[in-house]
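S.K.: Mind folding the following:
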Amino acid sequence: MAKRKEKKKKLKSLVLLLFLTIVLLSTSTYAWFTANRSVTIDPINVRIAASSGLQISTDATEWKTLISNTDITTPTNWSGNTNQLPSQLAPVSTNGSVTNGYLNFYKGTVEGIKTGADAGKLALTATKSPAEAKGTTGDFIAFDIFLKVDDEAGADIYLENGSGVKVKAETTDKGLQYAARYAFVIEGNVASTATAAAAQALMSGNSSIVVEPNYDAHKASGTNNASLYYGLSTTTAASGVAAVPYLGVKAAISTPIVLLDTNPGTGGTPSSTYFESVPTLYRTNVAYSDQDEEHKEAYKGSTKETNLLNAFHLSTGITKIRVYMWIEGQDVDCENSASGSDLTYKLGFSLDDGNETP
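M.R.: Here you go, the predicted structure:
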């Protein structure tokens, strides 16, 4: 036990940091974004560092303790990669299901109903997002990383305090960080002695781990959205608000569905054909995102990290993980008045749970 704790302390220096700055175009006001509205991304700045028993790669060929943005956007030794890093994003939705190793996403369009009993109400249609492909097109961010663990017992991976989505300093807070999501799909594992091609070919993931950061706060536009379109009641408190339930889109929607019938509001009756809750959904609060603002690992002054989220377990050898980042259209805070925001995504992982004595 003492040996195990000592090893975990040595591994505490492991931190994977992914910083993505998202700049959104100005628009004006509905649930989801209206048709042809998009999200613009600044050049992606990614820093991934590792040490003491864990190595990182974007191609399972070149193993490093530090990975740059260039390594993710243009892995030189892997022509078959499908890293999707678009210059523009659109709100999408998922129920967390995975097909052939890829997370299923649906892109929604909201328009007003012109005739019939629901005339004047907003309604949603949705189409399946195109297949992921290497390059700068697509509706969301998706890329692969490979992690190599030498410990014969494998390793638990914890989400660092400070991981989450925040408004970039000195920019206007419009609340879109409350609609952000990220996810992981564990694609499989091979022995450390396996070929790079064997690791690259791993696509056996059949489930996802979805994280909803900042669940406990909303802007006034988000609370109005919740009440007006979904029949849900919440507040604009800075923190401490109960999580607002949502259902992800699970199938294409060709016949418009009024927004009240897309989420579990007080008067809505969502169809199980088109909507479903995410099976594995972790939530972190605003305080979790706000910690460690200078991107330092483990400690901030004399304050120790505590209560880290145990995100997933890695087996011995090489594990392929597909990382996703997107704006969830089914979130009440995803509406046009939130555009014009400037957000930063940060993910930090540790092999230590943060609860040992320094």
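
S.K.: Could you verify my assumption that Phe349 touches Leu159?
M.R.: Yes. Judged on CB atoms under 8 Å, Phe349 makes contact with Leu159 at a distance of 6.5 Å. All C-beta atoms are positioned from the backbone trio N, CA, C, and that covers glycine.

S.K.: shared neighbours, these two?
M.R.: Shared contacts of Phe349 and Leu159, defined by CB atoms under 8 Å, 6 or more residues apart in numbering, are found at Ala311.

S.K.: Which positions in the longest helix along the chain come out as buried?
M.R.: Taking DSSP state H as the criterion, the chain has its longest helix at helix 220-230. For helix 220-230, burial by neighbour count (16 or more other CB atoms under 10 Å) applies to 221-226, 228-230.

S.K.: Same question for stretch 244-254.
M.R.: Residues of stretch 244-254 classed as buried by neighbour count (16+ other CB under 10 Å): 244, 246-251, 253.

S.K.: so where is this protein shaky, pLDDT-wise?
M.R.: For the chain, applying pLDDT under 70 flags the ranges 1-54, 65-69, 75-77, 87-88, 238-239, 266, 292-306, 339-341, 352-358.

S.K.: Do you have the helices of it handy? List them.
M.R.: Ranges of helices in the chain, per DSSP H, are 2-10, 69-73, 196-200, 220-230, 286-290.

S.K.: how about the strands in the stretch 201-350 of the chain?
M.R.: 209-213, 248-249, 253-258, 275-276, 281-284, 299-300, 303-304, 309-314, 317-327, 342-347, 349-350 (DSSP state E, counting those that start in this stretch).

S.K.: Highest mean neighbour count out of those strands?
M.R.: Among the strands of the stretch 201-350 of the chain, strand 248-249 has the highest mean neighbour count (mean count of other CB atoms under 10 Å), at a mean of 26.

S.K.: How about residues contacting that one?
M.R.: By CB under 8 Å, 6+ apart, strand 248-249 touches 93-96, 106, 108, 126, 262, 274-278, 328-330.

S.K.: can you rerun that using 7 Å?
M.R.: Defining contact as CB atoms under 7 Å, 6 or more residues apart in numbering, one finds that strand 248-249 is touched by 93-96, 106, 108, 126, 274-276, 278, 330.
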